[in-house]
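Need a 3D model of the following:
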Amino acid sequence: MRPLSIGLRAQLILALSIAFIAAFTLLGIATVQLTQRARSLDRYHEVKESCERLANELAGAREGANLRFETLSAALIGRNGVTGLEWNRPAGELRAGAMAPEFVRTERANGDTFTMWYRAPLATDATPVTNLLLLYVATTGGAILLITYVWLTYLIVRPLEAVTRAAGRLARGNPFAAVPERGAAEVVALASSFNDMATQLRHEQERMRQHGAALEQT
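Okay, here's the model as predicted:
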């Protein structure tokens, strides 16, 4: 009983698919991480600018400072992930919202210190840029996979299939089996060796036929 085996085309597809999945996974992870890092930096700069604007609005303010702080806090909290604000001044401390692991701080020459807490963007918060990059990676990888499969099929698989079919014809007694010598260098060498073997076999059969005819005449 012949052992169960997978054809060369199936093996090629399997190997390329595994390589594509592995490469796409690694590239996808790298893309997400790089995008996440860029988004975190963008979030930091946005919050930093907001904190600077808040400091410019309130630094040194005395009359109506509490009301202005509450008004500005209500407008800022919830934007760009801002969760809370703090105004530390000689006259006292004002705070709105909640603290968070990430924060920026701005100090003024008069001793006022402004702190703004914010939430870093989550990795699960996919952005159009992230989705576009992943789509680009998947599309490019799929195109490379297809081109590689077609090229390897032309260079290796089809020439080897031609050698296999010719070997089958030769085994069934057809001494005129021949294969075109094309494809990769190793496949060309194999086809050349096969054609040489088939030629030698034809010569041997012809020699034996002539020898048999000579024996019949004697």
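
For residue 99, give me its contacts.
By CB atoms under 8 Å, 6 or more residues apart in numbering, the residues touching residue 99 are 83-84, 117. Heads up, the C-betas are built off the backbone N, CA and C, glycines and all.

can we see that at 10 Å?
By CB atoms under 10 Å, 6 or more residues apart in numbering, the contact set of residue 99 is 83-84, 86, 115, 117.

Which pLDDT value belongs to the residue nearest to residue 81 when sequence neighbours are not counted?
Spatial nearest neighbour of residue 81, excluding adjacent residues (CB to CB, 6 or more residues apart in numbering): residue 119 at 4.1 Å. For residue 119, the pLDDT comes out at 90.

Next, count neighbours for residue 119.
The tally of other residues near residue 119 (other CB atoms under 10 Å) stands at 15.

From residue 89, how far off is the closest residue to residue 79 other than its chain neighbours?
Distances taken as CB to CB, 6+ apart put residue 50 closest to residue 79, at 7.5 Å, once the chain neighbours are dropped. Distance from residue 50 to residue 89, counting by CB to CB, to the nearest Å: 18 Å.

go on, residue 30?
Residue 30 sits 45 Å away from residue 89, going by CB to CB.

Could you do residue 209 as well?
Using CB to CB, residue 209 is found at 114 Å from residue 89.

out of the two, which sits in the busier spot?
Neighbour count, other CB under 10 Å: between residue 209 and residue 89, residue 89 has more, with 20 against 10.

Was I right to think the more buried one contacts residue 59?
Yes - using CB atoms under 10 Å, residue 89 is in contact with residue 59, at 8.7 Å.

overlap in contacts of those two?
In contact with both residue 89 and residue 59: 108, 110-114, using CB under 10 Å, 6+ apart.

so which of those is the most crowded?
Highest neighbour count within these: residue 114, with 26 neighbours (other CB under 10 Å).

list the contacts for that one?
Each residue near residue 114 by CB under 10 Å, 6+ apart is listed here: 50-59, 69, 85-89, 94, 104-108.

Checking my notes, it in a strand, right?
Yes - according to DSSP: H, G, I helix; E, B strand; the rest coil, residue 114 belongs to a strand.

helices or strands up against the top strand by length along the chain?
Scanning the chain for the longest strand, with DSSP state E as the assignment, gives strand 82-89. On a contact count with 3 or more CB pairs under 10 Å, 6 or more residues apart in numbering; DSSP states H and E, strand 82-89 meets helix 8-58, helix 65-76, strand 92-97, strand 102-107, strand 113-118.

and if we set it to 6 Å?
helix 65-76, strand 92-97, strand 113-118 (3 or more CB pairs under 6 Å, 6 or more residues apart in numbering; DSSP states H and E).

And for that strand, what's in contact with it?
The contact list for strand 82-89 (CB atoms under 6 Å, 6 or more residues apart in numbering) reads 69, 73, 76, 94-100, 112-119.

Of those, select the buried ones using a ChimeraX command.
ChimeraX command restricting those to the buried ones, with burial defined by 16 or more other CB atoms under 10 Å:
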select :69,73,76,94,96,97,112,114,115,116,117,118
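
domain parsing for this protein?
For the chain, the structural domains run 19-118, 126-217, going by automatic domain parsing.
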